[in-house]
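Q: Pasting a predicted model and its sequence here:
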Amino acid sequence: MNALEGTTRPGVLRSSKILDAHLDRLAVVYVRQSDPQQVLNHRESRERQYALADHAAALGWSRDRVLVIDEDQGRSGRTADQRGGFQRLLAEVTMEHVGLILGIEMSRIARNNKDWHNLLEMCAIFGTILADEDGVYDPQDTNDRLLLGLKGTISEFELVTMRNRLERGRLHKAQRGELFHRVPTGYVKLSTERVEFDPDEQVREVVRLIFDKYDEIGTAWGVFHYLIRNNIKLGFRPFHGPNRGNLEWRRPVLLTIHQILRHPIYAGAYSYGRSPFDPARRIAGKPKSGRWNAPPEEWVCLLRDAVPAYISWEQYEANRRRLAANDRGPGSKKATGRALTLLHGIV
């Protein structure tokens, strides 16, 4: 007799697909909401998911055999890379610890067909069944597997549709120059559509000093060391946390100097799409990888004279050309300035 063959135990809800071998294992309730805002505001969805533990008991599992995995609260189901709860669920299945996986709908488990079908395959191999509020499914059964596959496809399609709708809305707003997520030092965002100079005069003067010193010294490295030697700090207003919007003075870092010199907003220009995502540049395990700095002609949107300016557009273009000429980063063929060998940069 197969390990999963046998009779069902009596329970409040009965299904011929739930066998003794399933009941001898864990029933896992997988809880997930896509982002922190949903976790805070969509309480009904969260409570419905946790209530699935009662549903598992009604299907015949004892309370001490019901495991709730909720580590992925506030994480998107688009990919499993950063979902520790999903990885834990998959591991428990492959160790033959799980008899049943419950979710209020399949989209809570995965919105990516690759991850979804990988889970289905593991469940079929190791004898795990799945259930939602509509029924119980056995991935070894042809009809159930077809239905689960369709549910996964619909879930992924919903995600793509929502993402495309949001992206079209963002693009339409960006083309009007009214989409501001955050602004760099020297500016404040009065609303999602309006940006002004920082009201603090010292903050503005430090920004102007950076551009003046770059004209004088000629390198971002030199400007950075000038600020450090003279103990000049940059004014920032945090976007998150308890001190959100309040002015903080921080020691400058070289990356920030480069960002100030490269950002077109200081020349009064609104830009969108300066760092597009390229899947070919993505590095596994690094969720923020895959983005690159596109040249201005490839930006999605560039509107001149859209915000208050610290420098002219001509000065910005000159700074950009000088930064490119001074580039010593990865891929540059320029010498590092410290090497003892000839053509060290090319090597």
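A: Looks like it came in fine. Numbers count the residues shown, from 1 in each chain.
Q: alpha carbons only for contacts and neighbour counts from here, please
A: Noted.
Q: lowest-confidence helix or strand of this structure?
A: Counting by mean pLDDT, DSSP states H and E, the weakest-scoring helix or strand in the chain turns out to be helix 36-41, with a mean of 68.
Q: what's across from Val136 in the sheet?
A: Ala131 (DSSP bridges).
Q: Can we start the residue count at 32 from this point?
A: Got it, first residue is 32 now, which makes that one Val167.
Q: isn't it right up against Ser47?
A: No: if you go by CA atoms under 8 Å, Val167 and Ser47 don't touch, sitting 9.4 Å apart.
Q: The two: which is more packed in?
A: Val167 (20 against 9; other CA atoms under 10 Å).
Q: residues in contact with that one?
A: Applying CA atoms under 8 Å, 6 or more residues apart in numbering, one finds that Val167 lies in contact with Ser46, Lys48, Ile160, Leu161.
Q: do that again at 10 Å, thanks
A: For Val167, the contacting residues are Arg45, Ser46, Ser47, Lys48, Ile49, Leu90, Leu131, Ile132, Leu133, Ile160, Leu161, Asp175, by CA atoms under 10 Å, 6 or more residues apart in numbering.
Q: Now list the buried members of these.
A: Among the contacts of Val167, those scoring as buried are Lys48, Ile49, Leu90, Leu131, Ile132, Leu133, Ile160, Leu161 (criterion: 16 or more other CA atoms under 10 Å).
Q: Could you pick out which of the residues you listed are located in strands?
A: Counted as lying in strands by DSSP state E, out of these, are Leu131, Ile132, Leu133, Ile160, Leu161.
Q: Check what pLDDT Ile259 gets.
A: Each residue has a pLDDT score; the one for Ile259 is 94.
Q: ok, now which ones touch it?
A: When contacts are counted by CA under 10 Å, 6+ apart, Ile259 touches Gly253, Arg282, Pro283, Val284.
Q: can you pull the pLDDT of the first one?
A: It refers to Gly253. At Gly253, pLDDT is 93.
Q: my guess is it contacts Tyr245, does it?
A: Yes: Gly253 lies in contact with Tyr245 (CA atoms under 10 Å); the separation is 7.8 Å.
Q: okay, the two: which has more neighbours?
A: Comparing Gly253 with Tyr245 by other CA under 10 Å, the one with more neighbours is Tyr245, at 20 against 15.
Q: Identify the spatial nearest neighbour of that one, chain neighbours not counted.
A: Val254 (6.0 Å; CA to CA, 6 or more residues apart in numbering).
Q: That neighbour and Val214: what is the separation?
A: 22 Å (CA to CA, to the nearest Å).
Q: out of these two, which sits in the more crowded spot?
A: More neighbours surround Val254 than the other of Val254 and Val214, with 23 against 14 (other CA under 10 Å).
Q: where do the helices sit along the stretch 232-378 of the chain?
A: Counting by DSSP state H, counting those that start in this stretch, the stretch 232-378 of the chain has helices at residues 232-248, 251-260, 285-293, 344-357.
Q: buried set for the longest one?
A: What that stands for is helix 232-248. Quick answer for helix 232-248 (16+ other CA under 10 Å): Val234, Arg235, Val237, Val238, Arg239, Ile241, Phe242, Lys244, Tyr245.
Q: and what of stretch 110-123?
A: In stretch 110-123, counting by 16+ other CA under 10 Å, buried: Thr110, Ala111, Gln113, Arg114, Gly116, Phe117, Leu120, Leu121.
Q: repeat for stretch 253-263
A: For stretch 253-263, by 16+ other CA under 10 Å, it's Val254, Phe255, Leu258.
Q: Going by distance to Leu265, which of the residues you listed wins?
A: Leu258 (9.2 Å; CA to CA).
Q: State the distance from the closest one to Gln290.
A: For Leu258, the distance to Gln290 - CA to CA - is 15 Å.
Q: Provide the secondary structure category for Trp147.
A: helix (DSSP: H, G, I helix; E, B strand; the rest coil).
Q: burial of it, as a residue count?
A: 23.
Q: Check what pLDDT it gets.
A: 85.
Q: How about the one 4 residues further on?
A: Looking at Leu151, its pLDDT is 90.
Q: Contacts only, for it.
A: Taking CA under 10 Å, 6+ apart, one finds Leu121, Lys145, Phe157, Thr159, Ile160, Leu161, Asp169, Pro170, Gln171, Arg176, Leu179, Gly180 in contact with Leu151.
Q: One more pass at 8 Å, please.
A: Leu151 neighbours (CA under 8 Å, 6+ apart): Pro170.
Q: Closest one of the buried ones among the contacts of Val167 to Arg74?
A: Of all these, Leu133 has the smallest distance to Arg74: 18.6 Å, by CA to CA.
Q: Tell me where the model's unsure across the protein.
A: Scanning the chain with the threshold set as pLDDT under 70 gives 32-45, 66-67, 69-72, 107-109, 111-112, 137-138, 223, 316, 318, 359-378.
Q: where exactly do the strands run in it?
A: Using DSSP E, strands in the chain cover 57-61, 97-100, 129-133, 160-163, 166-168, 218-222, 225-228, 265-267, 279-281, 301-303, 332-334.
Q: Export those as TSV, with columns for distance to Arg351.
A: Formatted as TSV, these follow (distance: least, CA to CA, whole Å):
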stretch	distance to Arg351
strand 57-61	50
strand 97-100	50
strand 129-133	55
strand 160-163	56
strand 166-168	59
strand 218-222	20
strand 225-228	22
strand 265-267	21
strand 279-281	25
strand 301-303	15
strand 332-334	16
